[in-house]
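J.: fold the stuff below for me.
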Amino acid sequence: NWVNYRQPFGATITILALGFGKWIAVYTSWWWWSNYPPNFVMPATLLPSALVLDITLLLTRNWTLTAVIGAWMYAILFYPSNWPIFGYSHTPIVVDGSLLSWADYMGFMYVRTGTPEYIRMIEVGSLRTFGGHSTMISAFFSAFASSLVYVLWWQFGKFFCTSYFYFTDDRQRTVKVYDVFAYATLAHGDKAKAGGKA
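T.: From the prediction side, this is the model:
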């Protein structure tokens with residue numbers, strides 16, 4: 001865990017594994033199995049968000065600040081980091097004399113729940129009562145949810161994965177010490193004090 005190893009790469013490795021698994025699913029389930037175009041079911045990227053989350057943990061060395069700053073940045077960076085990937089779907093195209101966007105054309109050809117056309121049909125719902133700012137409201141809600149989930153999983157990991165060491169001091173007393181920062185640099189007296197037995 002972070003307290004012992006100081007290696008903030010958990011979010012990045014998790015997102016890389018998630019993306020790798022998603023691409024396997026896209027090619028095996030959609031392209032190979034049903035001959036569906038892969039760019040219609042291409043997964044969104046969370047890698048820039050995960051890097052910012054891990055860098056925040058590295059720079060602050062505090063999980064509380066990471067939950068407040070890093071998790072919010074994790075959620076808010078989702079839209080701008082995916083714009084270069086999916087921005088092409090907003091470019092115009094002329095089909096049978098009608099001016100459409102690529103998103104409209106893809107939605108007309110393959111209507112399913114993840115395509116922009118279906119999202120455009122559903123977007124008429126309750127988020128429109130906020131004055132057409134559904135993107136910003138979704139971003140801030142996901143930022144708040146990311147903060148809560150980050151704290152929840154940090155505490156879950158701390159509860160189940162707390163590392164501890166048994167030390168024996170000069171007087172042959174065995175002491176149980178939790179979350180030692182630097183195992184090799186503690187003197188024998190400091191080890192006993194850290195365990196609560198001076």
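J.: for this protein, which helix is longest?
T.: When the chain is scanned for its longest helix (criterion: DSSP state H), the result is helix 134-160.
J.: you'd agree P43 is in a helix?
T.: No: checked against DSSP: H, G, I helix; E, B strand; the rest coil, P43 lies outside a helix; its state is coil.
J.: and stretch 60-70, how far out from the chain middle?
T.: Here stretch 60-70 is found 14 Å from its chain centre; the criterion is CA atoms, centre = their mean, to the nearest Å.
J.: brain fart, stretch 136-143
T.: Distance, centroid of stretch 136-143 to centroid of chain: 14 Å (CA atoms, centre = their mean).
J.: now stretch 137-155
T.: Offset of stretch 137-155 from its chain centre (CA atoms, centre = their mean): 10 Å.
J.: what lies in contact with that stretch?
T.: 53, 63, 66-68, 70-72, 74-76, 78-79, 127, 130 (CB atoms under 8 Å, 6 or more residues apart in numbering). (Each C-beta comes from the backbone N, C-alpha and C, glycine too.)
J.: can I get it in PDB, CA atoms only?
T.: Output of stretch 137-155 as PDB, limited to C-alpha atoms (Å, rounded to 0.1, in the frame of the first residue of the first chain):
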ATOM      1  CA  ILE A 137     -23.700  19.000 -14.200                       C
ATOM      2  CA  SER A 138     -22.700  15.400 -15.100                       C
ATOM      3  CA  ALA A 139     -19.000  16.300 -14.700                       C
ATOM      4  CA  PHE A 140     -19.400  17.800 -11.300                       C
ATOM      5  CA  PHE A 141     -21.600  15.000 -10.100                       C
ATOM      6  CA  SER A 142     -19.100  12.400 -11.300                       C
ATOM      7  CA  ALA A 143     -16.400  14.400  -9.600                       C
ATOM      8  CA  PHE A 144     -18.300  14.300  -6.300                       C
ATOM      9  CA  ALA A 145     -18.900  10.600  -6.700                       C
ATOM     10  CA  SER A 146     -15.300   9.900  -7.600                       C
ATOM     11  CA  SER A 147     -14.200  11.600  -4.400                       C
ATOM     12  CA  LEU A 148     -16.500   9.500  -2.300                       C
ATOM     13  CA  VAL A 149     -15.500   6.200  -4.100                       C
ATOM     14  CA  TYR A 150     -11.800   7.100  -3.700                       C
ATOM     15  CA  VAL A 151     -12.200   7.500   0.000                       C
ATOM     16  CA  LEU A 152     -14.300   4.400   0.300                       C
ATOM     17  CA  TRP A 153     -11.800   2.200  -1.500                       C
ATOM     18  CA  TRP A 154      -8.800   3.700   0.300                       C
ATOM     19  CA  GLN A 155     -10.400   2.800   3.600                       C
END
